[in-house]
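Student: my questions concern the predicted model and sequence given below.
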Amino acid sequence: MHINFSPDSPAAKRVTFEHFLQIDMRLGEVVEILDFPEAKNPSYKLKIDFGQGIGIKKSSAQITHHYTKENLLGKRVLAVVNFEPRQIGKFMSEVLVMGFSDRENNIVLFDLDKEAPNGARLH
């Protein structure tokens, strides 16, 4: 399956509201960042705290273009927390960090304009 991430692409195929509700997207705080030199594309290994209900989960994220380890620590991110874990090289990624492609296809994370707790669900 090929997904077109271009900002000029049409909307993806329609899904039901019930399908949307099955995707669990939560707010978490980055608590640890490590380099991931073995990754095919430049990436970090992240540990993200999603609060008491979900806890700390690991993710591999291709966000090295716009973000340093220093400015990621403590950053709030949105992630899908209920996908099956995915093996990325020797690393098991447990959640998918969400972002937007800029004009050069580098990932841009979003910023909240108000506070919400770790583990808050997107709806």
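Tutor: Arrived safely, thanks for sending. Computed from a prediction, not measured in an experiment: that's the story for all the values here. Numbering: from 1, shown residues only.
Student: pLDDT below threshold where in this structure?
Tutor: Counting by pLDDT under 70, the chain shows low-confidence ranges at 1-3.
Student: where is the longest helix in it?
Tutor: When the chain is scanned for its longest helix (criterion: DSSP state H), the result is helix 17-22.
Student: hey, where'd the helices end up in this protein?
Tutor: In the chain, the segments counted as helices under DSSP H are 17-22, 69-72.
Student: just send the ones you listed back as CSV, with mean neighbour count and distance to N106 too.
Tutor: Heads up, the C-betas are built off the backbone N, CA and C, glycines and all. Converted to CSV, the helices of the chain look like this (neighbours: other CB atoms under 10 Å; distance: least, CB to CB, whole Å):
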stretch, mean neighbour count, distance to N106
helix 17-22, 9, 27
helix 69-72, 13, 14
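Student: among the ones you listed, which is nearest L122?
Tutor: Closest approach to L122 among these (CB to CB): helix 17-22, 9.9 Å.
Student: which residues in this structure form strands?
Tutor: Using DSSP state E, the strands of the chain run over 25-35, 44-49, 56-61, 76-80, 86-88, 91-93, 96-97, 100-101, 107-108.
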